[in-house]
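The amino acid sequence is not available; the structure is as follows:
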């Protein structure tokens, strides 16, 4: 996995601040592999409760991550009980790594 411990801690902390203490974060995409170069940070944030304003939550997560990790390409998805199981979410859950 191509994230350092400080980045992992920051990502988890941001998830808890925005979505609550029970949130979980899955890293997926090229950053999971130690052998690939470059790539954005693909994150799936999971919540056990319904996120009432998911678009606002995505913006809040993204903004907080950029402020704390620096300007870089970060893709943010949210999965809650009301979210349909889209192919990208299935891929994230099947190939990703829980942070």
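Perfect, I can see it now. No experiment lies behind these values; they were computed from the predicted model shown.

Can you show me the strands along the chain?
Remark: strands assigned in the chain by DSSP state E are 24-28, 41-46, 74-79, 97-98.

out of those strands, deepest packed?
Comparing the strands of the chain on average neighbours per residue, with mean count of other Cβ atoms under 10 Å, the densest one is strand 41-46 at a mean of 22. Quick note: C-beta positions are derived from backbone N, CA and C, even for glycine.

per-residue confidence at residue 38?
Looking at residue 38, its pLDDT reads 66.

Check residue 58 too.
At residue 58, the pLDDT value in this model is 96.

Let me see the contact set for it.
Residues counted as contacts of residue 58 (Cβ atoms under 8 Å, 6 or more residues apart in numbering) are 76, 77, 78.

Just to check, the second one is in contact with residue 93?
So the one you mean is residue 77. No - with contacts counted by Cβ atoms under 8 Å, residue 77 stays clear of residue 93, the gap being 10.4 Å.

Mutual contacts of those two, please.
residue 44.

Tell me which of the strands of the chain approaches residue 59 most closely.
Of all the strands of the chain, strand 74-79 sits nearest to residue 59, with 8.7 Å by Cβ to Cβ.

what comes into contact with that closest one?
19, 29, 40-47, 51, 54, 57-58, 61-62, 65-66, 88-89, 92-93.

which residue lies farthest from the center of this structure?
Distance from the C-alpha centroid of the chain peaks at residue 35, with 20.8 Å (Cα atoms, centre = their mean).

Okay, residue 61 and residue 33: tell me how far apart.
23 Å (Cβ to Cβ, to the nearest Å).

Mind checking which of these two has more residues around it?
Comparing residue 61 with residue 33 by other Cβ atoms under 10 Å, the one with more neighbours is residue 61, at 24 against 12.

ok, residue 7 - contacts?
Residue 7 touches residue 69, counting by Cβ under 8 Å, 6+ apart.

quick one: pLDDT of it?
So, for residue 7, pLDDT stands at 94.

That one and residue 39: what is the separation?
From residue 7 to residue 39 the distance is 14 Å (Cβ to Cβ).

Having no further points to raise, I will conclude here.
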